[in-house]
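S.K.: Show me how the following folds:
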Amino acid sequence: MIYWDTGTVVAIVSSRESVQELEIAMRGGSGAKARAIHYTDAFGPVGLGDTVVLNTTAVQLDLGTGGRHFVLSVLRPLHGSEVAAEEAAALKARTIEERKGHLMKLRYTPLQRSVLAAEEQASPHHGLFQDSFDLEGMPVLIGELHSMLPAAVCWLRHAHAVGADGGSDDAHGGKKPLRIVYIMSDGGALPIAYSRHVSSMRERGWLAGTVTFGHAYGGDVEAINKFTALIAAKRVLKADVAIVAMGPGIAGTGTPLGHTGVEVGELVNAAAALGGKPVVMPRISFAESRDRHRGISHHLLHSLSLIALREAALPLPDSLNGHHKQLIREQLESSGLHQKHRIVWVRNINRQEIARSQESYPLPVTTMGRGLAEDPGFFLGVCSAAQYVLDGMPSES
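M.R.: Numbering: from 1, shown residues only. Next up, the predicted model:
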């Protein structure tokens, strides 16, 4: 079932890269105003007074994941208008490489689009996917939620600059900056442009590049699957560390395996098979009202016990209080993770230092609407995994 409506653009709330957030006067129903997302890579930017067709399904169903109106099309002449002429010029200006792409994403839908995959024959990187598939021990930080990305990047940059000796806290502490590459799966949002965090970190040069695979699209490098995405991060973007997580949102049903977070186990297998070092960012919370997500989330417990066939490191924060650590130990034992994976209790991760790591980041970092003060366990877990990666890297990095 798809719910449709139309409306008129009455305000452009914000604009970044290929995304506009609009205020729409709705035509159907009550005629109230509503917010909508418009991706300008499909129809170009809209202007005030434009009439748009909206997919309102997620809002009608009162969903969190995907719970926005999205512009499907713009109802204006395709030829002869000033806007149409601008769009035609922009299309013509696209690089030759982009126009050579023949990999379709969102296949067999009205919005299917061609991209140039790094693996394609027309790609300048085609040869990198022909012979060696070795990640050469590249650490791969694997997360279930998109909110883990900014928390991990902030910590990696901060801790790498400060160092174990508590030294300089400037941009890189006089060290060679880490090349952090974000790989976005299609377990959540499909357009990487939807992520404000990715846009913000790219603007600041905090990411060396991005890769989108599956039906996710819009990364600096496009890839067909998780294996080639990892190879692209290492061999095309020269990553020191890759962070893999879905885009904003997660689909779930409250059942052990009925959620898109099962990809964590699949990513462990892929990273290990290619000679990388899979390190899982634990989803921990003691602020959750849902019992299945208290302590270590049941999502992660099942993904690592049933889906992951190779060993991963699972760093955990040693700074948790005794009661919380005991609950996690019981979960590890009952799920068998203590025998299947490398459990590491990481010391010297605390809330004060996590807050410092996020001081220079302009956006609020939250998970399920909760920040560091409301849900410290989540951030302690993510930063413990990020610190574990730093601890295993050569000192000259």
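
S.K.: Please tell me the pLDDT value assigned to L111.
M.R.: Per-residue pLDDT puts L111 at 88.

S.K.: if I look at it, how far off is G218?
M.R.: The gap separating L111 from G218 is 13 Å, by Cβ to Cβ, to the nearest Å. Just so you know, the C-beta spots here come from the backbone N, C-alpha and C atoms, and that holds for glycine as well.

S.K.: same deal with T260?
M.R.: 18 Å.

S.K.: Compare those two and say which is more crowded by neighbours.
M.R.: Shown here are T260 and G218; by other Cβ atoms under 10 Å, G218 has more neighbours (25 against 18).

S.K.: Run through the residues that contact the more buried one.
M.R.: 18, 41, 191-193, 212 (Cβ atoms under 8 Å, 6 or more residues apart in numbering).

S.K.: Contact partners for V279?
M.R.: 139-142, 312-313, 315, 385, 388-389.

S.K.: go again using 6 Å as the cut-off
M.R.: By Cβ atoms under 6 Å, 6 or more residues apart in numbering, the contact list for V279 reads 139, 141, 313, 385, 388-389.

S.K.: Doesn't it lie inside a helix?
M.R.: No - V279 is assigned strand when assessed by DSSP: H, G, I helix; E, B strand; the rest coil, not a helix.

S.K.: Grab the nearest non-local neighbour of it.
M.R.: A313 (4.6 Å; Cβ to Cβ, 6 or more residues apart in numbering).

S.K.: that older thread, now distance to V162 and pLDDT too, for the contacts of V279, in CSV please.
M.R.: Formatted as CSV, the contacts of V279 follow (distance: Cβ to Cβ, whole Å; pLDDT from 0 to 100):
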residue, distance to V162, pLDDT
P139, 19, 98
L141, 19, 98
A313, 22, 98
A385, 18, 98
Y388, 16, 98
V389, 15, 98
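
S.K.: top of these by neighbour count?
M.R.: Neighbour max across the contacts of V279 (other Cβ under 10 Å) = L141, 31 neighbours.

S.K.: So that one: helix, strand or coil?
M.R.: strand.

S.K.: in the sheet, who's paired with it?
M.R.: I243, V279 (DSSP bridges).

S.K.: my guess is it meets I243, correct?
M.R.: Yes - L141 lies in contact with I243 (Cβ atoms under 6 Å); the separation is 4.6 Å.

S.K.: where do the contact lists of these two overlap?
M.R.: Contacts common to L141 and I243, judged by Cβ under 6 Å, 6+ apart, are A152.

S.K.: which one of the contacts of G218 sits closest to H293?
M.R.: Distance to H293, by Cβ to Cβ, is smallest for I192 among the contacts of G218, at 26.0 Å.

S.K.: Distance of V221 relative to G275?
M.R.: Taking Cβ to Cβ, one finds V221 at 20 Å from G275.

S.K.: Looking at these two, which is more packed in?
M.R.: V221 (23 against 15).

S.K.: measure that one to L267 for me?
M.R.: For V221, the distance to L267 - Cβ to Cβ - is 17 Å.

S.K.: just L61 next, same as before
M.R.: Taken as Cβ to Cβ, the span from L61 to L267 is 29 Å.

S.K.: Could you do R329 as well?
M.R.: R329 is 25 Å from L267, by Cβ to Cβ.
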